[in-house]
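Peer 1: sharing a model that was predicted from the sequence below.
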Amino acid sequence: MNEILNAAAEAPVDAGDAHALAALSLDALLEAASARRDRRWGRRLTFSPKVFLPLTNLCRNFCDYCSFRRSPKDDGAHTMSTSELDEWLGRARDQGCVEALFCLGDRPEAVFPSYARQLDAWGFGTTVDYLERAGRIALDAGLLPHTNAGVLTRDEMEQLRPVNASLGLMLESTSERLCDKGMPHHRAPDKRPAVRLQMTREAGELAIPFTSGILVGIGETAAERVDALLAIRDLHRRYGHIQEVIVQRLRVHPRTPMAAAPEPADGDLARTIAIARLILDDEVTVQAPPNLSPDGDSIELQLRAGINDFGGISPVTPDFINPRHRWPVVAALGERCAAAGFSLAPRLPIHAGWVDPAWVAPEMMPHLAAAEARLSTAARAA
Ligand code: SF4
């Protein structure tokens, strides 16, 4: 290993050296990233047993790679009712899930009057009002909400804090270039880097445990990936709130403007994961979704690249963002991990370092304890 990697295997790489990582050999990056992961996390991998609840797929943005979003008159446009939530949460609890992931489109009431009327008829002024109610329903069902509702204001995050274990927003990229005409974010005002950095910063000011991430393969350069990771690290060093960073590979979808775009190769993704591990601070979980890289030895490559977590895996619902990519069966994933020398264990949608009244609304603490007890009971019974 060269001098930069020798140091990076022990501690986060200096900002000045971070861009040099992209030019190093993949094998050397993997070796250093494995060493960094092993120092803090050992050979223990985690995942969050979850139910994915797309509260609404209406969205005011148009991202060129997205097959999830709908306008109200599109086929498949849907907003979940509270009775649907009850049904899915009940199934999820029966299957041992502890996380209710609310993942939905950005602020649809701002552009779709019919949706605003629907909310009003249900007694809600905004999507966030509905999310607050949905969070309470999930807690009553014994599941812990984690919400990614796109860009939220500071007041909205404060409103959701008492009913969420954690909140999230993928930074995706800090490249303004991707918002230019003809680029993937040019019709997505909520994907402006400054807007997403502001929300991430405000979550830190509010001491909300937060999930961020980068999206790999949407036209960004290797240097821009490093810029985004450094931006996340800077905010974490200021506020300490970034509990996990997802390194998510683009999977393309038919009937989207990027349907024919090349997807990142396994080696390119592994290189990016390793660089994330070497840039980010030790306590920050590095995560890659296993359903987006299920083939061949790609998951084993990601283990070598330094992940310590697979994120949410659902036994009851598909990945509505990437519906063609099924979650792995946990037992089969555990066998692959064991063959590579790792254990695999379920966890809460808030990482252990943030389970503390300094980070979580006091009323959430009993819910966290109850969910942890359920995981422990299930582990003893297994
Ligand atoms: S990726 Fe998110 S913000 Fe972009 S169009 Fe899809 S749902 Fe909307």
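Peer 2: Structure received. Numbering: from 1, shown residues only.
Peer 1: backbone phi and psi for T377, please?
Peer 2: With angles defined as degrees, to the nearest 10, T377 sits at phi -60, psi -40.
Peer 1: give the contact list for E263.
Peer 2: Taking CB atoms under 8 Å, 6 or more residues apart in numbering as the contact definition, E263 lies against 217, 249-252. C-beta here means a position set from N, CA and C on the backbone, and glycine is covered the same way.
Peer 1: same thing but at 6 Å, please
Peer 2: Under the criterion of CB atoms under 6 Å, 6 or more residues apart in numbering, the contact list for E263 reads 217, 250, 252.
Peer 1: list just the nearest of the residues you listed to T153.
Peer 2: T153 lies nearest to L250 out of the contacts of E263, by CB to CB, at 28.4 Å.
Peer 1: ok, and does stretch 184-201 reach over to the ligand?
Peer 2: Yes - using CB under 6 Å from any ligand atom as the criterion, contacts between stretch 184-201 and the ligand involve 188, 190.
Peer 1: gap between the two ends of that stretch?
Peer 2: 24 Å (CA to CA, to the nearest Å).
Peer 1: do stretch 100-113 as well
Peer 2: End-to-end distance of stretch 100-113: 28 Å, with CA to CA as the criterion.
Peer 1: quick one: mean pLDDT for that stretch?
Peer 2: For stretch 100-113, the mean per-residue pLDDT is 98.
Peer 1: ok, the closest residue to the ligand within the stretch 151-300 of the chain - how many residues close by?
Peer 2: The minimum distance from the stretch 151-300 of the chain to the ligand, using CB to the nearest ligand atom, falls at A188 (5.2 Å). As a burial measure, A188 scores 22 neighbours (other CB atoms under 10 Å).
Peer 1: that one contacts C63, correct?
Peer 2: Yes - because the distance of 4.9 Å satisfies CB atoms under 6 Å, A188 is recorded as touching C63.
Peer 1: skipping its backbone neighbours, what lies nearest the most centrally placed residue in the chain in space?
Peer 2: Compute the mean C-alpha point of the chain, and by CA atoms, centre = their mean the closest residue is I246, 5.2 Å away. With CB to CB, 6 or more residues apart in numbering as the criterion, I246 has its nearest non-adjacent residue at 3.1 Å, and that residue is G213.
Peer 1: how many neighbours does the residue lying closest to the residue of the stretch 151-300 of the chain closest to the ligand once chain neighbours are set aside have?
Peer 2: Closest residue to A188 apart from its sequence neighbours, by CB to CB, 6+ apart: N61 at 3.8 Å. Counted by other CB under 10 Å, the residues lying close to N61 total 19.
Peer 1: output the set of residues of the stretch 101-250 of the chain in proximity to the ligand.
Peer 2: Within the stretch 101-250 of the chain, the positions near the ligand by CB under 6 Å from any ligand atom are 105-106, 150, 188, 190.
Peer 1: name the SS class of E84, please.
Peer 2: helix (DSSP: H, G, I helix; E, B strand; the rest coil).
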